[in-house]
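>>> Here's a sequence, model it:
(one chain, ligands or ions: 1)
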Amino acid sequence: MAEARLAMVRTVVDEVLWTNRYLGKTALDPRVIEALGSVPRERFVPPEWADSAYDNRPLPIGHGQTISQPYIVAVMTDLLHLEPGDRVLEVGTGCGYQAAILARLAAQVCSIETVPELASEAAERLKSLGIANVEVRHGDGYLGWPEGAPFDAIVVTAAAPSLPRALVDQLKPDGRMVIPIGPRGSDQELVLVCKEKDGSLDRRSVLPVAFVPMVPGG
Ligand code: SAH
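Residues are numbered from 1 along each chain as shown. Next comes the predicted model:
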């Protein structure tokens, strides 16, 4: 699998190069690439998909949900500009793959998932991999994680129709949020939101994307 993982990393590096006009850069932070090369993605997909674990595409993980494409995980993580001491909120744990990547780059990850089975499976999977700095909770990501706030960075891995207010409130000044925004199925864009010191928001659209919808009331 190590070879397949290396090939996946190379594919991501190439795709970053092809999409440099969107990203405004030709290479991602080497720490993000290192994390991508370290997390055993085959442990995050159902056994019947293990052979495809390192394909650069999303895969089904049950409950109508998917594990995100490695390129997208890498780009979203890079946009967060994580520092080793950062605390991160992830909305949409899914199988826990992105959380495992974030855990290598930040001090603590709080991850919230609306499907109870996915939340408990991800928590167990991360524990079995010895990843101790991720806390997974079942709940509605629209409400964020008030007790853990404020966060240095927030990443949302399901598409919201607009920027959820509670998440903006739970972001620190100088904090970064990455979120797909748009209607169900199409016309979504990956948006980078930076909160300035005075609380004002700077918003930039990065890439066209296709995410599962964020479900209210989880
Ligand atoms: N982060 C995952 C991607 C998961 S797909 C990865 O590493 O691959 C998006 C996830 O968001 C799904 O598991 C879905 O159940 C979850 N989700 C949808 N609406 C949500 C909400 N309101 N709160 C929390 N999670 C939500």
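>>> Quick one: the helices in this structure, in order.
Taking DSSP state H as the test, the helices found in the chain are 2-18, 20-23, 30-36, 70-79, 97-105, 116-128, 165-169.
>>> how about those, which one is nearest Ala159?
Proximity to Ala159 (C-beta to C-beta) singles out helix 70-79 among the helices of the chain, at 12.0 Å. Placement of C-beta: from N, CA and C, glycine included.
>>> Could you list everything Leu201 pairs with in the sheet?
Under DSSP bridges, the beta-bridge partners of Leu201 are Lys195.
>>> pretty sure it is in contact with Val168, am I right?
Yes - look at Leu201 against Val168 with C-beta atoms under 8 Å: they come within range, at 6.9 Å.
>>> list the residues that contact both of those two?
By C-beta atoms under 8 Å, 6 or more residues apart in numbering, Leu201 and Val168 have these common neighbours: Val193, Lys195.
>>> More neighbours: which of the two?
Val168 (17 against 12; other C-beta atoms under 10 Å).
>>> Now do the more buried one, the pLDDT please.
Predicted confidence (pLDDT) for Val168: 98.
>>> what sits against it?
Met177, Val193, Lys195, Leu201.
>>> What ranges in the chain fall below the confidence cut-off?
Scanning the chain for pLDDT under 70 picks out 218.
>>> any idea how far Ala50 lies from the ligand?
15 Å (C-beta to the nearest ligand atom, to the nearest Å).
>>> correct me, but that residue touches Glu42?
Yes - contact status for Ala50 versus Glu42: in contact at 5.0 Å, counting by C-beta under 8 Å.
>>> Point out the residues in the protein that sit beside the ligand.
Proximity of the chain to the ligand, by C-beta under 6 Å from any ligand atom, involves residues 65-68, 91-95, 97-98, 112-115, 118, 140-142, 157-158, 212, 214-215, 218.
>>> just checking, which of these belong to strands?
Gln65, Thr66, Ile67, Val91, Ile112, Glu113 (DSSP state E).
>>> who wins for most neighbours among these?
With neighbours defined as other C-beta under 10 Å, the most crowded of these is Glu113; it has 31 neighbours.
>>> quick one, what contacts the residue nearest to Val215 when sequence neighbours are not counted?
Closest residue to Val215 apart from its sequence neighbours, by C-beta to C-beta, 6 or more residues apart in numbering: Thr114 at 5.6 Å. Residues counted as contacts of Thr114 (C-beta under 8 Å, 6+ apart) are Gly92, His138, Gly139, Asp140, Gly141, Val215, Gly218.
>>> rewinding a little: for ChimeraX, write the selection for the buried entries among the contacts of Val168.
Selection command for ChimeraX covering only the buried members of those, criterion 16 or more other C-beta atoms under 10 Å:
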select :177,193,195
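>>> middle-most residue in this protein, spatially?
Most central in the chain under C-alpha atoms, centre = their mean is Gln98, positioned 4.7 Å from the mean C-alpha point.
>>> In contact with that residue: list those residues for me.
Here Gln98 is in contact with Ser68, Val73, Met76, Thr77, Glu90, Val155, Thr157 (criterion: C-beta under 8 Å, 6+ apart).
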